[in-house]
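In: Curious how this folds, go ahead:
(chains A and B, ligands or ions: 1)
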Amino acid sequence: MTLLPRKRDGHPPAHTPGYKSSVARSPSRALISGPASPTELSGPTFGHELLGKLDNNLVVNFTGQPAIGERIIVHGRVLDEMGRPVPGALVEVWQANAGGRYRHKKDGYLAPLDPNFGGCGRTITADDGSYEFLTVRPGAYPWPNGPNDWRPMHIHFSLFGPSFGQRLITQMYFEGDPLIPRCPIIRTIADPSAIERLVAPLDMNRAMPMDCLAYKFDIVLRGRRQTMFENQMEGM
Amino acid sequence: MVQPLDYLPETPSQTAGPYVHIGCTPNFVGIHGIYAEDLALKPFPAEAPGERITVTGSVIDGTGTVLRDVLVETWQPGADGRFGPGAQGFCRMPSSLETGEWVLETVKPGAVGPNAPYIALWIVARGINIGLQTRMYFEGDDLSSDPLLTRLEHQNRIPTLVAKKTGDGTYRFDIRLQGEGETIFLDM
Ligand SMILES: [Fe+3]
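Out: As a prediction, this is how the structure comes out:
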C-alpha cells in the first residue's frame, strides 16, 4: 500500500508574506521526498468508545445549557482522492462563539464569552464516511495581521485518516461570506478552485424546519492505493 | 475526448491557527467538562514492554524564538516494531505555554523493516500553513543503512533528524523551522 503523492499546488505554500506569521515559521529549504515506511502508512485508530454522547453537539456540550447563536448542522463525508469513503476517521472541530470570541486567554476581542459555549467537538465517521455536528454559526473576528484584517466565519477541522501521512488540518468557510476573498489566510491558497473546496454550501435538504439551517462540507484526504500488482512489481 | 479521470483533489490545508489547543487539547487550555481528558496524553500504558525514554524538545522559528503555541504529534511502533493496537504509539503534545518545551515519555521504538528506529512527527501552529512532517532518529543507533538517510544529498543535515542523548534514557530534540540548522522536513 502506498499514499498518493501530495499535490502541493492545491495547498498553500509555507512562505506567504500576506499572512505575516508564516514568514518566520516557514521552512526555506525544499521538502525531502522519499519512500514512506510503514510508520507513515499506518496510524492510530480511534474507537467509538472514545466519544461522549454530546461530543458532536457544541450547542450543549459545555454546560448542558444551550449556547447563544444561530443553530446550524454541519455535515458531510470524509473521502479519499480515489473517491472512497473513509470510515472511522476522527474529526475534531473548534471555533469562535457566535460573537467571534474564542474561549482562550490569548483572545481579548471585545465580543463577550458565552458562558455556555466551550468551542470544541469531535466525532468519528460512519461506514459511509459521513459525520455530523450541531453547533452555532461562529462570528467573524478581527485579528492582528494587516491594519484591518478580519477572519470570515469559519470552523477549524482536524482529520485523522488511517495513515499518519494523511493527517490534515483545515478550515471550513460559509457560502456567501463577503470576507472570504479578503482573508489573508485564505489567500495563502493560490488556486481559486482550491479555495472553493473550503466553502460549504447551504444545504436546505438537511436544514430542520423551525430548528436549524445546515451546511455541507465534504473533506478529501490523500488517496491510498493498493494494486494487485504491487507485490509482484518488486521482483520484476 | 476521453473519459474524465474523476479522482478527487485533496482538501487544501489551512493553518491550525493560534487556538488549535481548543480543538485538540481543550483541557490543557482550561476548557474542562467536554472531554474527560485530552486525547493521547501518553503513547503507551505504563506496562508496555521496552526501554523507557524521555525526549524533551522545542520548536524554534527563523528568528531563534521558541514557539509557545505549537502542537506536536508523534506516531511510532512499540519496542517490537509493531503498531497499535488502537491509538497506542500515538502522542499529542502541546508545548508549554511558558517555556515552549514539550516532553515525550515513551518506549524506544523498534526498527521497522530496513529503517533505523524512528518516531514520526507532525507539527502544526499558527503561521504553519500545512502540517510539517519529520522524523526523529536516536543518537547511538546504527543509522548507516536507513533508506531515507542514506539517500539524502546533504548528509550534513542528518543531525537535524537525530535526537541527542543527554543521559540514561533521556534525549533532546529541537526542531528548527527555518535558517541555520533547519530541520529536514519530509514530503512522503
Ligand atoms: Fe479561527
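
In: B:Glu105 - that's part of a strand, no?
Out: Yes: assessed with DSSP: H, G, I helix; E, B strand; the rest coil, B:Glu105 lies in a strand.

In: Verify the contact between it and B:Leu41 for me.
Out: No: B:Glu105 lies out of contact with B:Leu41 (CB atoms under 8 Å); the separation is 9.7 Å. The C-beta positions use only the backbone N, C-alpha and C, and glycine is treated the same way.

In: Now do the contacts for the residue nearest to B:Val66 when sequence neighbours are not counted.
Out: In space, B:Val66 comes closest to B:Gly100 once its chain neighbours are excluded; the distance is 3.6 Å by CB to CB, 6 or more residues apart in numbering or on different chains. The contact partners of B:Gly100, by CB atoms under 8 Å, 6 or more residues apart in numbering or on different chains, come to B:58-59, B:66-68, B:70.

In: So the lengthiest strand in chain B, near chain A or not?
Out: Secondary structure of chain B per DSSP state E: the longest strand is strand B:52-60. No: judged by CB under 8 Å from any CB of the partner chain, strand B:52-60 and chain A are separated, with a smallest distance of 8.8 Å.

In: Just the C-alphas of the helix or strand just after that strand, formatted as PDB.
Out: Next in sequence after strand B:52-60, counting helices and strands by DSSP states H and E, comes strand B:71-75. What follows is strand B:71-75 as a C-alpha-only set of coordinates in PDB (Å, rounded to 0.1, in the frame of the first residue of the first chain):
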ATOM      1  CA  LEU B  71       1.300  21.300  18.800                       C
ATOM      2  CA  VAL B  72       3.500  18.300  18.100                       C
ATOM      3  CA  GLU B  73       2.100  14.800  17.400                       C
ATOM      4  CA  THR B  74       4.100  11.600  17.300                       C
ATOM      5  CA  TRP B  75       3.400   8.200  16.000                       C
END
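
In: mind checking how far the following helix or strand past strand B:71-75 is from the chain centre?
Out: Per DSSP H and E, strand B:71-75 leads on to strand B:90-94 as the next helix or strand towards the C-terminus. Computed by CA atoms, centre = their mean, to the nearest Å, the chain-centroid distance of strand B:90-94 equals 8 Å.

In: residues contacting A:Ile76?
Out: Let me fix one detail, which is that residue A:76 is Gly and not Ile. By CB under 8 Å, 6+ apart, the residues touching A:Gly76 are A:130-131, A:200, A:216-219.

In: Filter those residues down to the buried ones, PyMOL style.
Out: Here is the PyMOL command that selects the buried residues among the contacts of A:Gly76 (16 or more other CB atoms under 10 Å in any protein chain shown):
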select buried, chain A and resi 131+200+216+217+218+219
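
In: So which bits of stretch B:135-147 are buried?
Out: B:135-138, B:143, B:146.

In: I meant stretch A:76-84, not that one.
Out: Those buried within stretch A:76-84 under the rule 16+ other CB under 10 Å are A:76-81.

In: quick one: which of the residues you listed is nearest to B:Glu37?
Out: Ranked by distance to B:Glu37 (CB to CB), those are led by A:Val78 at 24.8 Å.
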